[in-house]
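>>> heads up, no residue letters with this:
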């Protein structure tokens, strides 16, 4: 399988998840640093989901996680609702 971008990868992931799954994104800082729209694509995908699941983010660059995930205005409503 070849994905053209993160949106394609997220849509492919949607085909394989079920209620209660835990999705781990390891080295998310690396993923996000390669595409300036990564967070927007992640949020767009997450907002379309009807399946209850848990997303977990891991990375070695804590400043990227803090700035792009925890303090993200795009993700704020999603994370804290």
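Received it, and whenever you're ready, just let me know what you need. Bear in mind that the values here come from a model prediction, so they are computed numbers and not experimental data.
>>> so what's the residue count around residue 68?
21 (other CB atoms under 10 Å). Just so you know, the C-beta spots here come from the backbone N, C-alpha and C atoms, and that holds for glycine as well.
>>> then the one 3 residues further on?
A count of nearby residues for residue 71, using other CB under 10 Å, gives 10.
>>> go on, residue 62?
Residue 62 has 10 nearby residues by other CB under 10 Å.
>>> got it, and residue 60?
By other CB under 10 Å, the residues close to residue 60 number 11.
>>> what about it, helix or strand, and which?
Using DSSP states H and E, no element contains residue 60; it sits outside every helix and strand.
>>> got the contact list for it?
By CB atoms under 8 Å, 6 or more residues apart in numbering, the residues touching residue 60 are 27, 29.
>>> how close does it get to residue 17?
As judged by CB to CB, to the nearest Å, residue 60 and residue 17 stand 25 Å apart.
>>> which residues in this protein form helices?
Taking DSSP state H as the criterion, the chain contains helices spanning 6-14, 28-33, 38-48, 62-65, 76-79.
>>> can you tell me which of those is most buried?
helix 28-33 (a mean of 18; mean count of other CB atoms under 10 Å).
>>> in terms of pLDDT, where does the residue nearest in space to the middle of the chain sit?
The centroid of the chain falls nearest to residue 42 when counting by CA atoms, centre = their mean (4.1 Å). Looking at residue 42, its pLDDT reads 91.
>>> ok, now residue 20?
On pLDDT, residue 20 comes in at 93.
>>> got it, and residue 5?
pLDDT, residue 5: 91.
>>> how about residue 32, what does it touch?
Applying CB under 8 Å, 6+ apart, we find residue 32 in contact with 38-39, 64, 68.
>>> now do residue 22
By CB under 8 Å, 6+ apart, the contact list for residue 22 reads 53-54, 56.
>>> most neighbours, which of the residues you listed?
residue 53 leads the contacts of residue 22 on contacts (other CB under 10 Å) with 13 neighbours.
>>> wait, doesn't that one sit right on residue 13?
No: in this structure residue 53 lies outside contact range of residue 13 using CB atoms under 8 Å: 10.0 Å.
>>> I appreciate the help and will end here.
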